[in-house]
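In: For reference, the sequence and a predicted model appear below.
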Amino acid sequence: MRSIFAAAAALALILAPVRGLAADVHSAQVLATNPAMQAIFAADQADRMDEPNVDFKVVAGRDAERRIATHKLLDEGALHTAGDYAAAAFVYQHGGATDDYLLAHVLAMTAVAKGDKNSEWIVAASLDRYLMTTGKGQVFGTQFTRPKATGEWTQEPYDRALISDALRIELGVPPQPAQVKQLADIAAHSRPPVPAAKP
């Protein structure tokens with residue numbers, strides 16, 4: 001595990017000044033001041049740079065290691081800045097359990113409270129992911145999934161009426177008409193679903 005973080009630290013030093021090198025527009029704004037957190041975040045983003053071709057079964061193990069390392073930093077009180085908390089929020093957003101998404105939400109809210117307006121999107125996205133893993137519908141529309149049962153991309157379950165588009169925009173989330181286009185773009189540019197194994 002140490003070698004992974006040593007390599008990630010080296011990568012972070014290379015990438016740190018270039019904030020635009022990230023897996024998506026939201027994470028491109030994150031720059032942690034804690035070097036260990038920045039290294040963890042850089043490794044998280046590096047695993048997602050070629051998203052259509054990412055093998056998430058392989059990445060899941062590295063994601064788990066990054067959450068352990070991030071939690072250690074949290075326990076030690078080593079995170080202090082909005083960027084530190086934003087980076088930690090993205091790491092936990094890539095978790096695998098309901099509590100990971102809840103912690104991502106709390107970390108993102110902390111980043112916003114410390115003055116990072118760019119973290120408003122991850123506040124919304126982490127809440128959506130948390131809600132979906134608890135069996136409720138997302139409310140902002142940040143999550144796109146492709147259930148194996150249908151093989152079709154969807155945002156469901158989605159409670160479109162609870163949050164207005166004006167509030168979505170305030171938090172950096174596209175309004176519903178733009179989400180319809182996002183969904184179509186994702187479907188058009190994704191690999192075909194892997195067929196279910198025959199019994």
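Out: In hand now; what should we look at? Numbering: from 1, shown residues only.
In: secondary structure element for residue 162?
Out: Using DSSP states H and E, residue 162 sits in no helix or strand.
In: ok, now which ones touch the nearest residue to it once chain neighbours are set aside?
Out: The spatial neighbour of residue 162 that comes closest, neighbours along the chain excluded (CB to CB, 6 or more residues apart in numbering), is residue 139 at 4.8 Å. (Glycine included, C-beta is placed from N, CA and C.) When contacts are counted by CB atoms under 8 Å, 6 or more residues apart in numbering, residue 139 is found next to 127-128, 131, 158-159, 162-163.
In: For PyMOL, write the select line for the buried members of the residues you listed.
Out: Once 16 or more other CB atoms under 10 Å is used to decide burial, the buried members of the contacts of residue 139 can be selected in PyMOL as follows:
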select buried, resi 127+128+131+158+163
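In: Save the contacts of residue 139 as CSV, and put in distance to residue 105, pLDDT and secondary structure too.
Out: Formatted as CSV, the entries for the contacts of residue 139 read as follows, by distance: CB to CB, whole Å; pLDDT from 0 to 100; DSSP: H, G, I helix; E, B strand; the rest coil:
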residue, distance to residue 105, pLDDT, secondary structure
127, 5, 98, helix
128, 9, 98, helix
131, 10, 98, helix
158, 18, 97, strand
159, 17, 97, coil
162, 16, 97, coil
163, 15, 95, coil
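In: for the contacts of residue 139, which one is nearest residue 171?
Out: When the contacts of residue 139 are compared for distance to residue 171 (CB to CB), residue 163 wins out at 8.8 Å.
In: The closest one: what's it in contact with?
Out: Contacts were defined as CB under 8 Å, 6+ apart; by that measure residue 163 touches 139-140.
In: Equivalent analysis for the one 10 residues further on, please.
Out: When the contact criterion is CB under 8 Å, 6+ apart, the partners of residue 173 are 121, 124-125, 140-142.
In: And it, how close does it get to residue 153?
Out: Computed as CB to CB, to the nearest Å, the residue 173 to residue 153 distance reads 18 Å.
In: Same check on residue 40?
Out: From residue 40 to residue 153 the distance is 29 Å (CB to CB).
In: Between those two, which has more neighbouring residues?
Out: Each of residue 40 and residue 153 has its neighbours counted (other CB atoms under 10 Å); residue 40 has more, 29 against 18.
In: which SS state does the more buried one fall under?
Out: helix (DSSP: H, G, I helix; E, B strand; the rest coil).
In: who touches the closest residue to it other than its chain neighbours in this structure?
Out: Counting by CB to CB, 6+ apart, residue 40 lies nearest to residue 66, which is 5.0 Å off, once chain neighbours are set aside. With contact set as CB under 8 Å, 6+ apart, residue 66 has these partners: 40, 43-44, 91, 94.
In: Please list only the buried members of these.
Out: For the contacts of residue 66, burial is judged from neighbour counts taken by 16+ other CB under 10 Å, and it is met by 40, 43-44, 91, 94.
In: If we go by neighbour counts, what in the longest helix along the chain is buried?
Out: Ranked by residue count under DSSP state H, the longest helix found in the chain is helix 56-75. Neighbour-count burial for helix 56-75, with 16+ other CB under 10 Å as criterion, is recorded at 62-63, 66-67, 69-70, 73-74.
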